[in-house]
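Colleague: next come a sequence and a model predicted from it.
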Amino acid sequence: MKCFLAILLLASLPLPGEQWESCRSGPFEVWTNGSERDARQLLVRLEQVRYVLGRLLGNDDPASLWPARVLLMKGRNHSTPWVLGREGWVSLLPAGSAPSRQWMREVARMLLEANARRMPRYWEDGLEDLLSTLEAQGPKITLGLPPGERTLEWARVQYLATNPDYAVRFRVLLNNMQQGADEDAAYRNSLGLSKADIEAQVKKYFDAGQFPPAILSGRPIVEKDFVMHPLEESRVTAAIADATGNVKLSPAGSLESAEALGLEAARKGDKVKALEWLKQAVAAGSKSARVYLEYGKLADGFKTRQDALVEAAKKNPRWAEPYIELANLEKTPERQAFYLKTAAKLDPRDGGLWLRLARAQLEAKQFTDASKSWFAAGLAAPTPEERAAVSEARRKFEAEIADRQAAERKRIADEKQRELERLREQALNEVKAAEAKANQGLKPLDSGQKVEPWWDDKTPSERISGQLRKVDCLGKAARIWILPSGGKLVSLWIPDPGRVVVTGSGEASFGCGTQRPARNCTIDYKPRKDSKQGTLGDVAVIEFR
């Protein structure tokens, strides 16, 4: 058994001196130790799949979350499924063989998930099936060849994408679906017919069993457009290790070995070994975003973990996962929402992520943003039933937001009231302290001595009610202007503002200049005409109402 495993391991290794070359376009790379022509033909097909999907989605240059690397290897008799390696998606195909329909379907799925907002699952299934059978000869595309298993989902998309009456407007329908529009409204807005009308046509088309493909002009590329470049043996070994799962292929002590062993240990949950290997890989200068992410999840110390996660985000700016882990490090909902918002924008199809963001924004009192995030969570639901469930939950969420907003307004009002009471109490204590100080040293009254009132001002006071319109600040003195109800402006003099008692509701103070808005008040004053200042008397008490 050990001998058999050793033979398999050796068969996976590149032979010493064996030449591997690569060609690349967009997110796709094809590596081969065999025919250059086969590598270029496969790259043309992959690029035309990307081109057609971009046309359907209204995107001239669809991206991929990760690079997609195909290894066309001599001596292989079976392919490997697409897996996420240290640098991106990777798969190994036998040289000289054509990829399976399921393999091509995974390519379509990777591109769809990176470039489209969530649509109903049966629409996405149909699109993936449509693209899985695409054939390309340079710029010539054959679209709509039937898959082995013909489903109504596939037939619907094939009919609309290849029928000249609908092909151009089909992209409008897909765009409407991504925006969460009602399906019947989406059909009418894009195709001019109801959903029931189109579905009847599709059912008739499917039952007839005749599915002619469309011959289209694709991206203007030919095989010779792709230049082959030599590859380093260490990179080939690392890619084969990722594709086959043989983590021990790379030489012991190498950067590639530390990366592979660290990621494998992290996958198995062996945190001690994972941290040991990942730390070595980081120290050796790893360029893998996945290595930095896993290291950031396990490293000791907030700063070390944060720095590693930031580096992971830099190495793959399209990846949401580093921002989710950064949010996990934070303690406050404000900081969590900051990172989760970036993550949700990078991965808008993740409904759970939008819900988590909405809850963080709710706790951070970002009520408007929380409502938007909850709506986005509904758009990310993969089925109409799940979308309806999210919509129902959203209504309860909106009620909670309203309650939180009311509670926040009450809290602010209560705080203002408490501050006002504190200021009043402080002013009262200051008056009491001044009275106590003034009374210090006074002799006690003799028994039977008459108590004289302290107010010895013989000038009678008068009162006026109206609106305080204006305050003229004149050095240490001031002149105020009052508009009585139904009367004319009256001016009064304040020789010393410190001796004026100000009471009443609201803020018991005022500033210089025109009062905006004018404030209702009652003023007690001692009559004393001053022709120079044009005032009727001196203010004693101002009570705001």
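Modeller: Good, I have the coordinates.
Colleague: hey, let's count contacts and neighbours off CA atoms from now on
Modeller: Noted.
Colleague: contacts for the lengthiest strand in the chain?
Modeller: In the chain, assigned by DSSP state E, the strand with the most residues is strand 513-530. Strand 513-530 has contacts (CA atoms under 8 Å, 6 or more residues apart in numbering) with 459-473, 492, 535-545.
Colleague: just the residues you listed: which are in strands?
Modeller: Those of the contacts of strand 513-530 mapping onto strands are 462-473, 492, 535-544, per DSSP E.
Colleague: which of those residues are buried?
Modeller: Buried members of the ones in strands among the contacts of strand 513-530, scored by 16 or more other CA atoms under 10 Å, are 464-472, 492, 535-544.
Colleague: how is the chain divided into domains?
Modeller: 18-225, 250-319, 338-426, 462-544 (automatic domain parsing).
Colleague: what ranges do the helices span in the stretch 101-250 of the chain?
Modeller: Along the stretch 101-250 of the chain, the segments classed as helices by DSSP state H, counting those that start in this stretch run 101-115, 121-132, 152-162, 167-178, 183-191, 195-208, 233-244.
Colleague: for the ones you listed, which one sits closest to residue 377?
Modeller: For residue 377, the closest of those is helix 167-178, at 12.7 Å, according to CA to CA.
Colleague: for the closest one, C-alpha coordinates in PDB please.
Modeller: Provided in PDB are the C-alpha atoms of helix 167-178 (Å, rounded to 0.1, in the frame of the first residue of the first chain):
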ATOM      1  CA  ALA A 167     -32.200  37.900 -27.100                       C
ATOM      2  CA  VAL A 168     -31.400  41.600 -26.900                       C
ATOM      3  CA  ARG A 169     -34.100  42.300 -24.300                       C
ATOM      4  CA  PHE A 170     -33.200  39.200 -22.300                       C
ATOM      5  CA  ARG A 171     -30.400  41.100 -20.500                       C
ATOM      6  CA  VAL A 172     -32.900  43.700 -19.400                       C
ATOM      7  CA  LEU A 173     -35.000  40.900 -17.800                       C
ATOM      8  CA  LEU A 174     -31.900  39.500 -16.000                       C
ATOM      9  CA  ASN A 175     -31.100  43.000 -14.700                       C
ATOM     10  CA  ASN A 176     -34.600  43.400 -13.400                       C
ATOM     11  CA  MET A 177     -34.400  40.100 -11.600                       C
ATOM     12  CA  GLN A 178     -31.100  41.100  -9.900                       C
END
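Colleague: mean confidence (pLDDT) on that helix, please.
Modeller: Here helix 167-178 scores 94 as its mean pLDDT.
Colleague: in it, what counts as buried?
Modeller: 167, 168, 169, 170, 171, 172, 173, 174, 175, 176, 177, 178.
Colleague: low-confidence ranges in the stretch 401-545 of the chain?
Modeller: Residues of the stretch 401-545 of the chain that meet the criterion pLDDT under 70 lie in 435, 437-460, 505-508.
Colleague: any idea how many residues pack against the residue lying closest to residue 314 once chain neighbours are set aside?
Modeller: Nearest residue to residue 314 in three dimensions, chain neighbours excluded: residue 289, at 8.0 Å (CA to CA, 6 or more residues apart in numbering). Neighbour count of residue 289, defined by other CA atoms under 10 Å: 24.
Colleague: and if you look at the one 4 residues further on?
Modeller: By other CA under 10 Å, 25 other residues sit near residue 293.
Colleague: sorry, back to before: just checking: what are the partner strands of the longest strand of the chain?
Modeller: For strand 513-530, the paired strands and their directions (DSSP bridges) are strand 462-474 (antiparallel), strand 535-544 (antiparallel).
Colleague: neighbouring contacts of the first one?
Modeller: Yep, that's strand 462-474 we're talking about. Strand 462-474 has contacts (CA under 8 Å, 6+ apart) with 478-485, 511-515, 518-527.
Colleague: okay then, goodbye and thanks.
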